[in-house]
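Visitor: coordinates only, sequence not included:
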């Protein structure tokens, strides 16, 4: 504790003190430290550790979970207000008004709350491509259209920065095409040939139908 007072940002000292608290049953103190770490540097692992500490301390875990989710939502709003403009490659900065919900969505994914995660990431919210893909691939069959919409968002994002030989992008075309009925797949492939005609190697390797 004296070391923490002298060096409050030393994570090794924090971990040592946490081990002491948890070893000796100081559950309230451990929870307070876990919460502080999470709020300083939020992440999925630290989120889970706060809930684990809360359970050990006899807290209402449902209420604790909601308070952590609310904290993440507040961070999203703060970040959006701090960055009113977004620089895009090759273009001038433009107003965005976009809210990045990636971390909150990732938390929902870890908890297996796929339907909630899908609702959270709907436009105008933005989310990392990897998280969108994960959600899409875990949605129930009755949410096929939502899953397809998410994968199309990921594909369009990937194509903006793609370059030959387009292996990952073509694999996505195959995956997305399997989720479409034949007529829609044919129309989509035709659209790709028009939209990305400058990417000759990509067009060459597209499936016929």
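Guide: Thanks, I have it. This one's a predicted model, so the numbers in the text were calculated from it and none came from an experiment.

Visitor: host element of residue 154?
Guide: helix 144-160 (DSSP states H and E).

Visitor: Off-centre distance for that helix?
Guide: How far helix 144-160 lies from its chain's middle: 14 Å, per C-alpha atoms, centre = their mean, to the nearest Å.

Visitor: Let me see the mean pLDDT of the helix or strand that that helix is followed by.
Guide: Counting by DSSP H and E, the next helix or strand C-terminal to helix 144-160 is helix 167-178. For helix 167-178, mean pLDDT rounds to 96.

Visitor: which parts of helix 167-178 are buried?
Guide: Applying a neighbour-count criterion of 16 or more other C-beta atoms under 10 Å, one finds 169, 170, 172, 173, 175, 176, 177 buried in helix 167-178. Glycine gets a C-beta too; all of them are placed from N, C-alpha and C.

Visitor: which helices and strands sit right next to it?
Guide: Helices and strands touching helix 167-178, by 3 or more C-beta pairs under 8 Å, 6 or more residues apart in numbering; DSSP states H and E, are helix 144-160, helix 182-195.

Visitor: hmm, who's touching the first one?
Guide: Right, the one you point to is helix 144-160. Under the contact criterion C-beta atoms under 8 Å, 6 or more residues apart in numbering, helix 144-160 has outside partners 118, 121, 129, 132-133, 135-137, 139, 168-169, 172-173, 175-176, 179-180, 196, 199.

Visitor: so it versus helix 167-178, what angle?
Guide: 160 degrees (axes from the mean of the first three to the mean of the last three C-alpha atoms, to 10 degrees).

Visitor: The helix of greatest length in the chain packs against which elements?
Guide: Scanning the chain for the helix with the most residues, using DSSP state H, yields helix 61-82. When contacts are defined as 3+ C-beta pairs under 8 Å, 6+ apart, helix 61-82 packs onto helix 27-40, helix 44-56, helix 102-110.

Visitor: Now do that helix, average pLDDT.
Guide: For helix 61-82, the per-residue pLDDT averages 94.

Visitor: contacting residues around the residue lying closest to residue 174 once chain neighbours are set aside?
Guide: Distance criterion C-beta to C-beta, 6 or more residues apart in numbering; nearest residue to residue 174, sequence neighbours excluded, is residue 207 at 7.1 Å. If you count contacts by C-beta under 8 Å, 6+ apart, residue 207 has them with 173, 174, 177, 189.

Visitor: so what's the backbone phi/psi at residue 207?
Guide: phi -60, psi 150 (degrees, to the nearest 10).

Visitor: in this protein, which residue is closest to the centre?
Guide: residue 102 (3.0 Å; C-alpha atoms, centre = their mean).

Visitor: Check what pLDDT the residue nearest to it when sequence neighbours are not counted gets.
Guide: Counting by C-beta to C-beta, 6+ apart, the nearest residue to residue 102 once its immediate chain neighbours are dropped is residue 128, at 4.4 Å. On the pLDDT scale, residue 128 is placed at 97.
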